[in-house]
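**Student:** Build me a structure from this.
(chains A, B, C and D)
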Number of protein chains: 2
Amino acid sequence: MSKTNIRALAMQLGLSQGTVSKALKDSYEISAATKKRVMAAAKKLNYVPNAYASSLRKKKSKTIAVVLPEVADSFFSVAINGIESIAQQKGYHVLIYLTHENFAKEKAILNELKSGRVDGVLLSVTRETKNSKHIFDLQTSGVPVVLFDRVLEEIKTAKVCTNDFDSSYIAAKHLIERGCTKIAYLSISKNLAIANERLEGYKKAVRECGLLFEKNFLVACNNSENYNYAVIKKLLCSSNRPNGILVSVEKLIITTYQVCNALQLKIPDDVKVAGFSIFPSASILNPPITTICQPAFEIGETATSLLFKILEKRGVELENKKIVLPSTLIVRSST
Amino acid sequence: MSKTNIRALAMQLGLSQGTVSKALKDSYEISAATKKRVMAAAKKLNYVPNAYASSLRKKKSKTIAVVLPEVADSFFSVAINGIESIAQQKGYHVLIYLTHENFAKEKAILNELKSGRVDGVLLSVTRETKNSKHIFDLQTSGVPVVLFDRVLEEIKTAKVCTNDFDSSYIAAKHLIERGCTKIAYLSISKNLAIANERLEGYKKAVRECGLLFEKNFLVACNNSENYNYAVIKKLLCSSNRPNGILVSVEKLIITTYQVCNALQLKIPDDVKVAGFSIFPSASILNPPITTICQPAFEIGETATSLLFKILEKRGVELENKKIVLPSTLIVRSST
DNA sequence: TTTATTTACGAAACCGTTTTCGTAATATTA
DNA sequence: TAATATTACGAAAACGGTTTCGTAAATAAA
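**Tutor:** Okay, the predicted model is just below:
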């Protein structure tokens, strides 16, 4: 066990605890000579201060929490990298919590985070989250929350996301320019603001261009791969088959391609496909897929930086602003 | 602020702190009536115990750390899912630290973890890690460490990994069966045990089959995409071009495909390619790639379960065993 | 030389829990 | 009824740091 606590260290040195504590923090109250002695002894005894004792007294944990739906998706993996890189650089620790798209879990986790365990929270809500009371409660308990990617407008705080409406609109337009006349839209959630933005962007493009709009072109997918496969297959087998598909979420791209392969539909000849994705393998798919590529790393970084601005009290007033980092349409041979 | 601490709660109820504390933990010392009263008041005042005060007193943090090279890779993303799912189920918190393949960082992180911040550590070492003193030090300071995927044999502890040697051997054999006579091997590290296992598996297959073995078939890649692209290109432009490639790490698969496209080399006609990967998109690549698929989720789960067995002191003696979860070769059209 | 100031440190309170131990009040047994 | 056991709670000491405040000694100013 790391038996050397500050008391033992002080004993060894013939100093008081307080003096040792101050010396280690390079306090002006302590003479240079003493500091040197203390540092040397600390190193020799391999003294590592107890994190929780310190946090308890200082009421600062040097820890943030990241709460997100899942990490299997490329987007969140990369976002975590952005978050961790800033946090590590600031000397902060990162707790990670997965909600698995389960609202009750999100609520329970946020409630637990009132325990003083973290100084701040980065949150991307579940697909089920409609109500925001649990977030508000956490905020009023004194824990700042920054929302990223899947944000909730009604919460007053900093938010970082991408231009879902515009990029969806642009992608749909692109499909239309490439000759698509019947465009289907694969969605994953009805509650999510982000999902609605994408849907509305798509709708706007379709409306503007006077395309005919079949109700069954709006395909609601869920968490079940089998279900999604079936429902996409049904879409592509229908008499009124779409000749373009806008896929609003990464993993559905794979399913879409698989269905096309199974049905021997040629992309882009029979159907053109574009999707929201940051697949590193986008360029080597068959065919390479046109993607709306989200700045995942930057979103993570930016959200974390904003949180730290609050934590470091540089500007207390930076609340309730929304930062939009643009996605980019990368055209490849699937359209 | 969450002002309600246990003292305030006790005051409100006209009880002592100790009594309230015990009541909340359903101690036998407290009458049923009092418990009920306390629970009700706690709920009403939205009392959430301070995590660090509790940890400090109990000398248990209910927290584990996951230290790994990076999370951009599919493997680690999925492993984290496995880890988090077990941890959450046990009521533990998960701290995540990325070393970015930097040994000094790994050392610093592990040293910091002597602070009592965590009860245990799950570690997958960096590509640079040769020395294991820092791990040993952490262990002797009383923090159990379980290694996963990228393990270090010399450390006495539980280890969870996959059968890198065998699966590499099998994959190389497979390439040979498919007619490859000149097989290159793309590697990423010289230190890593796991990398060496894979290399040796490959070598064994090549040797067994009496294939000619060019020194330049062993291609050492690194973290730089540009470098890797160049070096793979050089390999495929050489007069003695290989007709099979075994790719030992996921992200190099993409580079390999890109180089083949650029050089207009047909997979699998001109070169057959197989690689270690858990790409969800493996089946829709051009062409679908034959992969050695690692049980990432299970590795994460198993490592975490082992750690909890130590933490919960069920069997103190479960040290120094290595659990091998087999990978599976999934043959697709790239070979 | 006397007074004011600065320097360098120690004593002790404090952060918010948990846990040990002691003890009235009540219940049980002899 | 007296002796013993049990029940239900309170007082106080931890846990290991940090921080406030007080104060001798050293130094500077008058």
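**Student:** what does the stretch 1-150 of chain A have sitting close to DNA strand C?
**Tutor:** By CB under 7 Å from any atom of the strand, the residues of the stretch 1-150 of chain A that approach DNA strand C are A:14-19, A:22, A:29-34, A:53, A:56-57, A:59. All C-beta atoms are positioned from the backbone trio N, CA, C, and that covers glycine.
**Student:** Quick check: buried residues in the host helix or strand of residue A:22?
**Tutor:** Using DSSP states H and E, residue A:22 falls within helix A:17-24. Neighbour counts over helix A:17-24 (16 or more other CB atoms under 10 Å in any protein chain shown) mark A:19, A:20, A:21, A:22, A:23, A:24 as buried.
**Student:** Please identify which of these is nearest to DNA strand C.
**Tutor:** Nearest to DNA strand C out of the buried residues of helix A:17-24 is residue A:19 (CB to the nearest atom of the strand; 3.0 Å).
**Student:** Now the closest residue to that closest one other than its chain neighbours. Its backbone dihedrals?
**Tutor:** Nearest residue to residue A:19, sequence neighbours excluded (CB to CB, 6 or more residues apart in numbering or on different chains): residue A:30, at 6.5 Å. Main-chain torsions, residue A:30, degrees, to the nearest 10: phi -110, psi 140.
**Student:** dump the residue contacts of residue A:30.
**Tutor:** Each residue near residue A:30 by CB atoms under 8 Å, 6 or more residues apart in numbering or on different chains is listed here: A:19, A:22, A:23, A:38.
**Student:** Show me what the strand or helix carrying the last one is in contact with.
**Tutor:** Okay, so that is residue A:38. Using DSSP H and E, residue A:38 falls within helix A:32-44. When contacts are defined by CB under 8 Å, 6+ apart, helix A:32-44 is touched by residues A:9, A:12, A:13, A:15, A:19, A:20, A:23, A:24, A:26, A:30, A:47.
**Student:** Could you dump those residues into JSON lines and include distance to DNA strand D?
**Tutor:** Putting the contacts of helix A:32-44 into JSON lines (distance: CB to the nearest atom of the strand, whole Å) gives the following:
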{"residue": "A:9", "distance to DNA strand D": "7"}
{"residue": "A:12", "distance to DNA strand D": "12"}
{"residue": "A:13", "distance to DNA strand D": "13"}
{"residue": "A:15", "distance to DNA strand D": "11"}
{"residue": "A:19", "distance to DNA strand D": "8"}
{"residue": "A:20", "distance to DNA strand D": "7"}
{"residue": "A:23", "distance to DNA strand D": "10"}
{"residue": "A:24", "distance to DNA strand D": "6"}
{"residue": "A:26", "distance to DNA strand D": "11"}
{"residue": "A:30", "distance to DNA strand D": "10"}
{"residue": "A:47", "distance to DNA strand D": "7"}
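**Student:** What is the most widely separated pair among those residues?
**Tutor:** Spatial extent of these (CB to CB) is set by the pair A:12 and A:26 at 19.8 Å.
**Student:** Out of those two, name the residue with the larger neighbour count.
**Tutor:** For the pair residue A:12 and residue A:26, the greater number of neighbours falls to residue A:12 (15 against 10), based on other CB atoms under 10 Å in any protein chain shown.
**Student:** Helix, strand or coil: sort out that one for me.
**Tutor:** When classified by DSSP: H, G, I helix; E, B strand; the rest coil, residue A:12 comes out as helix.
**Student:** Nearest residue to residue A:154 in space, please, no chain neighbours.
**Tutor:** Nearest to residue A:154 is residue A:132, by CB to CB, 6+ apart, at 5.5 Å.
**Student:** Pretty sure the one you found sits against residue A:156.
**Tutor:** No. Counting by CB atoms under 8 Å, residue A:132 stays clear of residue A:156, with 10.1 Å between them.
**Student:** more crowded one of those two?
**Tutor:** For residue A:132 and residue A:156, the more surrounded residue by other CB under 10 Å is residue A:132, and the numbers stand at 15 against 12.
**Student:** Show the contacting residues for the more buried one.
**Tutor:** Neighbouring residues of residue A:132 by CB under 8 Å, 6+ apart: A:152, A:154, A:155.
**Student:** And these, which is closest to chain B?
**Tutor:** residue A:155 (18.5 Å; CB to the nearest CB).
**Student:** What are the boundaries of the strands in chain A?
**Tutor:** Counting by DSSP state E, one finds strands in chain A at the ranges A:63-68, A:93-98, A:120-123, A:145-148, A:159-162, A:183-187, A:218-220, A:244-247, A:272-276, A:290-293, A:322-325, A:328-330.
**Student:** Quick check: closest non-adjacent residue to whatever residue of the stretch 101-250 of chain A ends up closest to DNA strand D.
**Tutor:** Across the stretch 101-250 of chain A, the shortest distance to DNA strand D (CB to the nearest atom of the strand) belongs to residue A:116, at 12.8 Å. In space, and not counting its chain neighbours, residue A:116 is closest to residue B:50: 4.9 Å by CB to CB, 6+ apart.
**Student:** Could you list the low-confidence segments of chain A?
**Tutor:** For chain A, applying pLDDT under 70 flags the ranges A:1-2, A:314-318.
**Student:** returning to what we had before: what's the most distant pair in the contacts of residue A:30?
**Tutor:** The most widely separated members of these, counting by CB to CB, are A:22 and A:38 (9.0 Å).
**Student:** Please give me every residue in contact with residue A:173.
**Tutor:** Contacts for residue A:173 (CB under 8 Å, 6+ apart) come out as A:205, A:209.
**Student:** Can you get me a residue count around residue A:207?
**Tutor:** The number of residues packed near residue A:207 is 10, by other CB under 10 Å.
**Student:** The nearest residue to it once chain neighbours are set aside and residue A:246: what is the separation?
**Tutor:** Distances taken as CB to CB, 6+ apart put residue A:213 closest to residue A:207, at 7.6 Å, once the chain neighbours are dropped. Distance from residue A:213 to residue A:246, counting by CB to CB, to the nearest Å: 13 Å.
**Student:** more neighbours, the two?
**Tutor:** Each of residue A:213 and residue A:246 has its neighbours counted (other CB under 10 Å); residue A:246 has more, 30 against 12.
**Student:** pretty sure that one is touching residue A:172, no?
**Tutor:** Yes. Applying CB under 8 Å as the test, residue A:246 and residue A:172 come out as touching, 5.7 Å apart.
**Student:** what sits in contact with each of these two?
**Tutor:** Residues touching both residue A:246 and residue A:172 (CB under 8 Å, 6+ apart): A:183, A:202.
**Student:** what about residue A:44, neighbour count?
**Tutor:** Neighbours around residue A:44, by other CB under 10 Å: 11.
**Student:** go on, residue A:169?
**Tutor:** Quick note: residue A:169 (other CB under 10 Å) scores 21 neighbours.
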